[in-house]
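Undergrad: Sequence and predicted structure below; questions after.
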Amino acid sequence: MVKLVVCYGTPDDPADFDHHYSETHVPLVHKIPNLQRFEHGRVLGTADGTPAPYYYLAELWFDNPGDLQAGMESAEGQAAGADVATFASGGATLLVAEA
C-alpha cells in the first residue's frame, strides 16, 4: 500500500479551516476512486513539547502507486485537490509514503 500524506500549516482562521475541512473537504475526499482508507486529525503537539510544524494531517491510503495516481487524476481527485486552495491558508505539503 501507499499513502498520500497531507501536512497542513497553521491556517489564518483555525475555526474556519476546521469547519470547511469537515463539512466540505471530507465529503470530496471520500469520492476519490481507489481510496482504501482515509484518516485525518489535528496535530496536538510534538513529543518533546516544542511547537508542532503543522496544524492538521491527513492520510489517503491506496493499494499501489498506480491507484493513487489514477485516483488523484480523476475528476473527483482534482476537485478535492482544487478545494485545498480554498481553505488551507497556512499551505499544504504533500508526501507519498509506503504504508
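TA: Yep, it's here.

Undergrad: May I have the helix or strand harbouring V5 as PDB, with CA atoms only?
TA: Element membership for V5 (DSSP states H and E) is strand 2-8. Output of strand 2-8 as PDB, limited to C-alpha atoms (Å, rounded to 0.1, in the frame of the first residue of the first chain):
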ATOM      1  CA  VAL A   2       0.900   3.600  -0.400                       C
ATOM      2  CA  LYS A   3      -0.500   6.800   1.100                       C
ATOM      3  CA  LEU A   4      -0.700  10.400   0.300                       C
ATOM      4  CA  VAL A   5       0.200  12.400   3.400                       C
ATOM      5  CA  VAL A   6      -1.100  16.000   3.500                       C
ATOM      6  CA  CYS A   7       0.500  18.200   6.200                       C
ATOM      7  CA  TYR A   8      -1.400  21.500   6.600                       C
END
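
Undergrad: Please settle this for me: is T86 part of a strand?
TA: No. Using DSSP: H, G, I helix; E, B strand; the rest coil, the assignment for T86 is helix, not a strand.

Undergrad: isn't it right up against H20?
TA: Yes. The pair T86 and H20 qualifies as a contact (Cβ atoms under 8 Å) at a distance of 7.1 Å. Backbone N, C-alpha and C define where each C-beta goes, glycine included.

Undergrad: buried stuff in the next helix or strand after the strand holding V5?
TA: Next along the chain after strand 2-8, taking DSSP H and E as the criterion, comes helix 14-20. Within helix 14-20, the residues that count as buried by 16 or more other Cβ atoms under 10 Å are 17, 20.

Undergrad: which residues are contacting helix 14-20?
TA: 8, 11, 42, 55-56, 86-90 (Cβ atoms under 8 Å, 6 or more residues apart in numbering).

Undergrad: Quickly note the distance from the residue nearest to P65 when sequence neighbours are not counted to N64.
TA: With Cβ to Cβ, 6 or more residues apart in numbering as the criterion, P65 has its nearest non-adjacent residue at 5.4 Å, and that residue is V2. Distance, V2 to N64, by Cβ to Cβ, to the nearest Å: 6 Å.

Undergrad: Hmm, Y56 is touching V43, no?
TA: Yes. In this structure Y56 lies within contact range of V43 using Cβ under 8 Å: 6.4 Å.
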